[in-house]
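Asks: here is a sequence together with a model predicted from it:
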Amino acid sequence: MSNQSISHVESAAGQMVPGSTESTAPMSRSMAIRLWLRSVGPTAAVVCALAALAIWGNHVGWSLPKFSALFTSGDGQVADWCQEHNVPESECIECNASLLPPLKDYGWCKIHGVAQCPYEHPDVAQLASPPSVAAEDLERVRLALELVPRPENNSRCKLHQKRIQFASKQAIDKAGVDIAVAQRRRMIEAVLANGEIDYDQTRLAHLSSRVEGTVWRVEKQIGDRVTKGELLALIDSADIGKKKTDFLQAIAQVRLKAANAARLKPLAGGSVPEKLLREAETEHEEAQIQLISAQQALGNLGLAIRADDHSELTAPEIAERIQFLGLPAATIANLGDGVTTSNLFPLSSPLDGTIVDQHLSPGEVVDTRTTIVSVADVSRMQLVLDVRQEDAASIAMGQDVLFKPNDSRQAADIHGAVRWISTSADERTRTVKVRVDLPNRDGRLRAHTFGTGRIVLRDEPQAIVVPSEAVHRDGCCYVTFVRDKNFLKDGSPKFFHVRKVRPGVQDGDTTEILAGLLPGEVIASKNSVVLEAQLLKANLGEGCGCCKQ
């Protein structure tokens, strides 16, 4: 210890104790040294131990294990390791093609947009026995590719020439890679669109009174089912009484003018001038016109009547007959004998349906401009979907629609059909309106409820599907990793073929493969990103060949 350090310790030890009146005695030199060693001793011991460890490690040639050594069997064969493909160098089929020559490269299939197309060259399929491709499959793929634009692969990409090899099956298990089998399943390709249910506008009637007046009696209430022509309410209107009176007066005038003309006709040219007969006949014709006008005025209100049917009746008899014109016989019977008014006008349903809205009460004043009753046929509802402009080109009349209301608890979709496609896009939302007819025989659908509709473009019962996690987008191509057909044989290399595919519709965790796989082929699914990472590692520096001419 230097004299300066010891002096510092002694100086500190000799300071006054706070609160004392006298200074303490100076600490001895040996005691100060012991205090200093106690404070720095642990740190010095750790530094010395690390230095000793480094000297020993350098002497025995100790070093950290390499990454490849973690995947060997422990027999010390680290030198025989392919760093690029993570397998023993002597077993690497990528570096030593003579161990297992790659499949014949058939190149690019322009029809299906993949390399090594199993539809055109079934021998590339990794199946136990050579497969056969049915004409139905080729037609199915053709229609699907022509239906809508599909994801495309780069024809210059060489990824299909790669193979991803593992040192052993145990190495695959350690990596957590699981497999799946390409299989057939029903897949529905559809355009999704939000929509709102409403009443079928061709089966909905908003009724107002044809005449001004007051509500005399309400026969039906909201929610009641009615048939066409059934009475909903009675309106007391003075205008109806006047039109009936005009009709009676017109009949009386016709009869009077006809009698005058008949009386003058035999006397014309003799004691009666011809002119008087012509005037009488003209007045008769004018009276007939007035009768037709009065008859038509009642007919325009739905009170059909023909004057000829009353030609044999007296005026009082005609007045009695037309007093309750248009009212059902059962309603007339319920009115009783005390009703003498001729002003009653029937408000009737124009169709079979249900009263869905009503604003009627006895004594209420009504006019011809206000809707007082709405009747709808709810056995069929109307769905209006808002379809994106880019999807509208795929929509056609008659296409099936699967709809599920947002508040519906049932799993089954409601089936409908496209009945109308708007010729314009909404100026605000830039969507195209599509109308769909939905059956509602059980009355489960409610107007003004929202839901999601799927306009079915293609319903394929025999689609080839795989787990979605098995399909990877690697720069310019979509690929899956197909297990070699000899994988389970003893002594066979454990590897996967890189296969380009053409994805179709995706339904949750399942993706349709339009081209590139055949049913029964085994692919890497869960944790297949491990193979993708190895593929990317192998391509570092050289790329996949997409940009090479």
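Replies: Received, thanks. Numbers count the residues shown, from 1 in each chain.
Asks: so the chain: which segments form each domain?
Replies: Structurally, the chain divides into domains by automatic domain parsing as follows: 3-15+23-59, 107-188+460-539, 191-202+376-458, 238-342.
Asks: which of these sits closest to Val366?
Replies: domain 238-342 (12.1 Å; Cβ to Cβ). Just so you know, the C-beta spots here come from the backbone N, C-alpha and C atoms, and that holds for glycine as well.
Asks: the nearest residue to Val124 once chain neighbours are set aside and Ile372, how far apart?
Replies: Nearest residue to Val124, sequence neighbours excluded (Cβ to Cβ, 6 or more residues apart in numbering): Gln116, at 4.8 Å. Distance, Gln116 to Ile372, using Cβ to Cβ, to the nearest Å: 73 Å.
Asks: would you turn the domains of the chain into CSV with distance to Asn96 and mean pLDDT?
Replies: Shown next, in CSV, are the domains of the chain (distance: least, Cβ to Cβ, whole Å; pLDDT from 0 to 100):
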stretch, distance to Asn96, mean pLDDT
domain 3-15+23-59, 37, 58
domain 107-188+460-539, 10, 93
domain 191-202+376-458, 46, 92
domain 238-342, 96, 89
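Asks: between those, which one is closest to Ile93.
Replies: domain 107-188+460-539 (5.3 Å).
Asks: tell me where this structure has helices.
Replies: 3-13, 29-60, 135-147, 169-175, 238-264, 274-300, 315-321, 329-335, 389-392, 529-539 (DSSP state H).
Asks: would you turn these into a markdown table with distance to Phe496 and mean neighbour count?
Replies: Output for the helices of the chain, formatted as a markdown table (distance: least, Cβ to Cβ, whole Å; neighbours: other Cβ atoms under 10 Å):
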| stretch | distance to Phe496 | mean neighbour count |
| --- | --- | --- |
| helix 3-13 | 70 | 12 |
| helix 29-60 | 41 | 10 |
| helix 135-147 | 24 | 14 |
| helix 169-175 | 9 | 15 |
| helix 238-264 | 88 | 17 |
| helix 274-300 | 82 | 15 |
| helix 315-321 | 94 | 13 |
| helix 329-335 | 82 | 12 |
| helix 389-392 | 36 | 14 |
| helix 529-539 | 6 | 17 |
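Asks: turn these into a markdown table, including distance to Ile455.
Replies: Formatted as a markdown table, the helices of the chain follow (distance: least, Cβ to Cβ, whole Å):
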| stretch | distance to Ile455 |
| --- | --- |
| helix 3-13 | 89 |
| helix 29-60 | 71 |
| helix 135-147 | 13 |
| helix 169-175 | 42 |
| helix 238-264 | 51 |
| helix 274-300 | 44 |
| helix 315-321 | 58 |
| helix 329-335 | 48 |
| helix 389-392 | 8 |
| helix 529-539 | 34 |
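Asks: pull the contacting residues for the residue nearest to the spatial centre of the chain.
Replies: The centroid of the chain falls nearest to Leu192 when counting by Cα atoms, centre = their mean (3.1 Å). The contact partners of Leu192, taken as Cβ atoms under 8 Å, 6 or more residues apart in numbering, are Thr452, Gly453, Arg454.
Asks: in strands, which of those residues fall?
Replies: Thr452, Gly453, Arg454 (DSSP state E).
Asks: isn't the residue nearest to Val124 right up against Lys500?
Replies: Yes. Using Cβ atoms under 8 Å, Gln116 is in contact with Lys500, at 7.1 Å.
Asks: overlap of the contact sets of these two?
Replies: Common neighbours of Gln116 and Lys500 (Cβ under 8 Å, 6+ apart) are His160.
Asks: do you have the strands of the stretch 51-200 of the chain handy? List them.
Replies: Per DSSP state E, counting those that start in this stretch, the stretch 51-200 of the chain carries strands over the ranges 108-109, 114-115, 163-166, 179-181, 183-199.
Asks: so which of the ones you listed is the most surrounded?
Replies: strand 114-115 (a mean of 26; mean count of other Cβ atoms under 10 Å).
Asks: what lines up beside it in the sheet?
Replies: Strand pairing for strand 114-115, determined by DSSP bridges: strand 108-109 (antiparallel).
Asks: touching the partner strand from outside, list them.
Replies: By Cβ under 8 Å, 6+ apart, the list of residues contacting strand 108-109 reads Val114, Ala115, Cys117, Tyr119, Glu120, Ser155, Ala515.
Asks: ok, the last one - how many residues close by?
Replies: Each residue near Ala515 was counted by other Cβ atoms under 10 Å, and the total is 26.
Asks: kindly state the beta-bridge partners for it.
Replies: Arg502.
Asks: next: the first one.
Replies: Following DSSP bridges, Val114 is listed with bridge partners Cys109.
Asks: correct me, but it touches Arg502?
Replies: Yes. In this structure, Val114 is within contact of Arg502 by Cβ under 8 Å, at 5.7 Å.
Asks: before we move on, the earlier item: now for the ones in strands among the contacts of Leu192, which sits with the most neighbours around it?
Replies: Gly453 (28 neighbours).
Asks: now do the shared contacts for Val114 and Arg502.
Replies: Asn153, Ala515, Gly516.
Asks: who are the contact partners of the first one?
Replies: Applying Cβ under 8 Å, 6+ apart, we find Asn153 in contact with Gly113, Val114, Ala115, Cys476, Cys477, Tyr478, Lys500, Arg502.
Asks: which one of those is nearest Thr227?
Replies: Nearest member of the contacts of Asn153 to Thr227, counting by Cβ to Cβ, is Arg502, at 56.9 Å.
Asks: give me phi/psi at the closest residue to Leu517 other than its chain neighbours?
Replies: Among residues not flanking Leu517 along the chain, Ala182 sits closest, at 4.6 Å (Cβ to Cβ, 6+ apart). For Ala182, the backbone dihedrals are phi -60, psi 120 (criterion: degrees, to the nearest 10).
Asks: could you report the neighbour count for Ala182?
Replies: Neighbours around Ala182, by other Cβ under 10 Å: 22.
Asks: if I look at it, how far off is Val124?
Replies: 14 Å.
Asks: one more: Gly107?
Replies: 11 Å.
Asks: quick one: which of those two has more around it?
Replies: More crowded of Gly107 and Val124, by other Cβ under 10 Å: Val124, with 21 against 12.
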